[in-house]
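Novice: here's my sequence, what's the structure:
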Amino acid sequence: MNDLTKAFVQFFSSLRLTVVLLALSMVLVFVATLAQVEIGIYGVQEKFFRSFFVLAKFPGTDIPFPIMPGGYLVGGFLMINLVSAHLTRFKLSWSKVGIHLTHIGLMVLLLGEFVIGIVQEDFSLRLQEQQTLAYSESFRRNEIALVNKTDALEDEVISIPESFLTKRTPVQHGSMPFQVITRAYYPNANIGLLSSLPEGIDATAMAPNFSTRGIGPRLGISPLPYTYNDQERNLPTAIVELLGTRGSVGTWLVSPMLVAPQPFEYEGESWEIAFRFEREYKPFSVELIELRHDEYAGSNIPKNFSSLVTVRAIDGSEERESLIYMNHPLRYHGFTFYQYQMDSANGFSVLQVVRNPARWLPYVACILITLGLLWQFTYHLGRFAQRRKAN
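Specialist: So this is what the prediction gives:
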């Protein structure tokens, strides 16, 4: 081993690096806790813990620069530090088995957080009674959907992620006979009919609206501050132009607040355009049979919320009925359905749909850490008892 390699190994296996990384972890948690007031739990997770660097922007610009290491970087170095220390400084013996198990548990815990941050998916499924859906919708992400409805038996759906709108990137799909160009984008906005604006609101003070097709020309746009409140949702608005081979097809105002898609014709084909919550289609459908909102007798205090659903495989190979209520989710084909919200007056229930293939890693880590601590305590207690007996 040459001097450079030796110095490299000593650096990554040193106890000083461990102390520095643990100190950085404490600072990261402290700063993130303070930031949670402004950007919410989800914002903190994405900015501080599920990133390699915590970024800020130069004043007056959109140019980012790193201000401190993020959770992935600190956690990654901690993982390397633990592995290096075990390979170079720790020898396998009965007296050290507990330490080895504890450190392996910490490694699994760090690895689990990294994997979960990448693979976990979190969606919602909003169902009316007797309604059946084969897709769920994202809590935070949105998409532009262009649907070719010319075929009476099958729709062709082309979805464009919201990130393309924020970058103002023109989009051309192979099967789409026109290009989608973003003319304006508002991360959070309120829209309303110009004919029914409340008194005292000047329509000219709203954001420019140069849409030419659909319901857009009759709407006003009021940009809102971007919210990081976990109990609220940003509802973006965009103005997009469709550009065909013969020129502009038209300009549409689109927003998730517009529940119904906007239809149009192009070269003899029927199309619809909508800005909607991002969808994830499933190989099965879920039907809401019945919802119940139980209250304690003689009061309006909620006692229980439950949804009776039927899950059917698209190919007809399986059908299953299940009752979903608090602390009693439905697990089906790698998905977990939780009772999330309910509006019994309007007859709809909202289920939270979670897919997390790595959900078992934190449990394995906790078991390993517990076994390691128990082994270390029991082993040293036995040695102490033997020495005391000998004396």
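
Novice: bridging residues for residue 244?
Specialist: residue 178, residue 247 (DSSP bridges).

Novice: need the contact list for it.
Specialist: 177-179, 266-267 (Cβ atoms under 8 Å, 6 or more residues apart in numbering). From N, CA and C alone the C-beta is placed, and that goes for glycine too.

Novice: quick one: which of these is nearest residue 90?
Specialist: Nearest to residue 90 among the contacts of residue 244, counting by Cβ to Cβ, is residue 179 at 60.2 Å.

Novice: does the closest one touch residue 170 like I think?
Specialist: Yes - in this structure residue 179 lies within contact range of residue 170 using Cβ atoms under 8 Å: 5.5 Å.

Novice: so which of the two has more stuff around it?
Specialist: Neighbour count, other Cβ atoms under 10 Å: between residue 179 and residue 170, residue 179 has more, with 15 against 12.

Novice: quick one, what contacts that one?
Specialist: Here residue 179 is in contact with 170-172, 242-244 (Cβ under 8 Å, 6+ apart).

Novice: please apply the same query to residue 275.
Specialist: With Cβ under 8 Å, 6+ apart, residue 275 has these contacts: 142-145, 236-238, 254-256, 258.

Novice: residues making contact with the helix or strand of the chain with the lowest mean pLDDT?
Specialist: The helix or strand of the chain with the lowest confidence, counting by mean pLDDT, DSSP states H and E, is helix 3-13 at a mean of 83. With contact meaning Cβ under 8 Å, 6+ apart, helix 3-13 is reached by 1, 17, 80-81, 84-85, 87-89.

Novice: how about that helix: buried residues?
Specialist: 12-13 (16 or more other Cβ atoms under 10 Å).

Novice: pull that helix out as PDB, backbone CA atoms only.
Specialist: Backbone C-alpha positions of helix 3-13 (Å, rounded to 0.1, in the frame of the first residue of the first chain) are rendered in PDB as follows:
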ATOM      1  CA  ASP A   3       1.500   6.500   1.000                       C
ATOM      2  CA  LEU A   4      -1.400   8.100  -1.100                       C
ATOM      3  CA  THR A   5      -3.600   5.000  -0.700                       C
ATOM      4  CA  LYS A   6      -2.800   4.700   3.000                       C
ATOM      5  CA  ALA A   7      -3.600   8.400   3.600                       C
ATOM      6  CA  PHE A   8      -6.900   7.900   1.600                       C
ATOM      7  CA  VAL A   9      -7.900   4.900   3.700                       C
ATOM      8  CA  GLN A  10      -6.900   6.600   7.000                       C
ATOM      9  CA  PHE A  11      -9.000   9.700   6.200                       C
ATOM     10  CA  PHE A  12     -12.200   7.700   5.400                       C
ATOM     11  CA  SER A  13     -11.800   5.400   8.400                       C
END
